[in-house]
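In: only geometry, no sequence info:
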């Protein structure tokens, strides 16, 4: 196995930053590494990955159930999802799910939440063909309305799909088989809905795959919001004043928040903000030392940004220019 370690000096956007960090990259050529080893690097870095808990039947109607974390959504008209049962690395065989789809061109994709994750993992056991993972993992099959494969009752969202295309990416162990599906019907457990019939992320409590044996629970403190720059065009990182761009206190995420507004607060609103008692106190206490004052102002702005008060954070920062 031949690995190359490279030293690179990365220039950020050609902006006039006073300090440029040097870092070391561990560079891997997949053609020079065993497939299983490279596979582990992929799974650890491309994560978290949603899980397609795929229910299929063969031409005789025998049920099969298996999870796949090479899965995502790729369009909504028509509603398109893709998952991939890759060829086994150890012996280059294909999985029962893929065999069944070649026979029937139908699949139910069930999502996986925290309440069922251990049973789902049990269903990933490679039982002999003809053995039902519904039985082995203790899941309840529910008859679908438009296709032959059964739905998983315990899953909070179940998607009846027709297979549009199966695209094989190779014939060696580890090669992907992209199963491109169109959602025909989606069934949602009402217990995971809000009063407005939206899916509540804390109620649905989804899980996702990480590397190795690790999973990620997508609810509670793991959830956070990032405002989308849809309604207005953000001014961008390049328009931030140099003293803000080079701050040792504000992070890249903080700067991204600041650059996401369309324009600076007006002068009058900044003046009014500057006259607030707590701002007067900061300037009175630290105004004799320019560096300390700037750090205190940046710390306050950072706190406001973490609380999603972006406009107030801007006003705090612009008070330094008054």
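Out: Done, it's in. All figures in this text were calculated on a predicted structure; none of them were measured in a lab. Residues are numbered from 1 along each chain as shown.

In: quick one, what contacts the residue nearest the centre of the chain?
Out: Compute the mean C-alpha point of the chain, and by CA atoms, centre = their mean the closest residue is residue 48, 5.7 Å away. Residues near residue 48 by CB atoms under 8 Å, 6 or more residues apart in numbering: 208, 209, 210, 215, 216, 218. All C-beta atoms are positioned from the backbone trio N, CA, C, and that covers glycine.

In: swap the cut-off to 10 Å and go again
Out: By CB atoms under 10 Å, 6 or more residues apart in numbering, residue 48 lies in contact with 69, 206-211, 214-218, 222.

In: Now, of those, which are buried?
Out: Among these, those classed as buried by 16 or more other CB atoms under 10 Å are 69, 206, 207, 208, 209, 210, 211, 215, 218.

In: circling back to that earlier point, in strands, which of the contacts of residue 48 fall?
Out: By the criterion of DSSP state E, membership of those in strands covers 206, 207, 208, 209, 215, 216, 217, 218.

In: What is the burial count for residue 246?
Out: The local packing of residue 246 (other CB atoms under 10 Å) involves 14 other residues.

In: swap in residue 116?
Out: For residue 116, the neighbour count with other CB under 10 Å is 22.

In: Wait, it touches residue 110, no?
Out: Yes. Using CB atoms under 10 Å, residue 116 is in contact with residue 110, at 9.0 Å.

In: anything in contact with each of these two?
Out: Common neighbours of residue 116 and residue 110 (criterion: CB under 10 Å, 6+ apart): 53, 139, 152, 154, 155, 156.

In: Mind picking the two most distant members of the buried ones among the contacts of residue 48?
Out: Spatially, the most separated pair among those is 206 and 211, at 18.1 Å (CB to CB).

In: Kindly state the beta-bridge partners for the nearest residue to the residue nearest to the centre of the chain once chain neighbours are set aside.
Out: Excluding its sequence neighbours, the residue lying closest to residue 48 (CB to CB, 6 or more residues apart in numbering) is residue 208, at 3.4 Å. Taking DSSP bridges, one obtains residue 216 as the residues bridged to residue 208.
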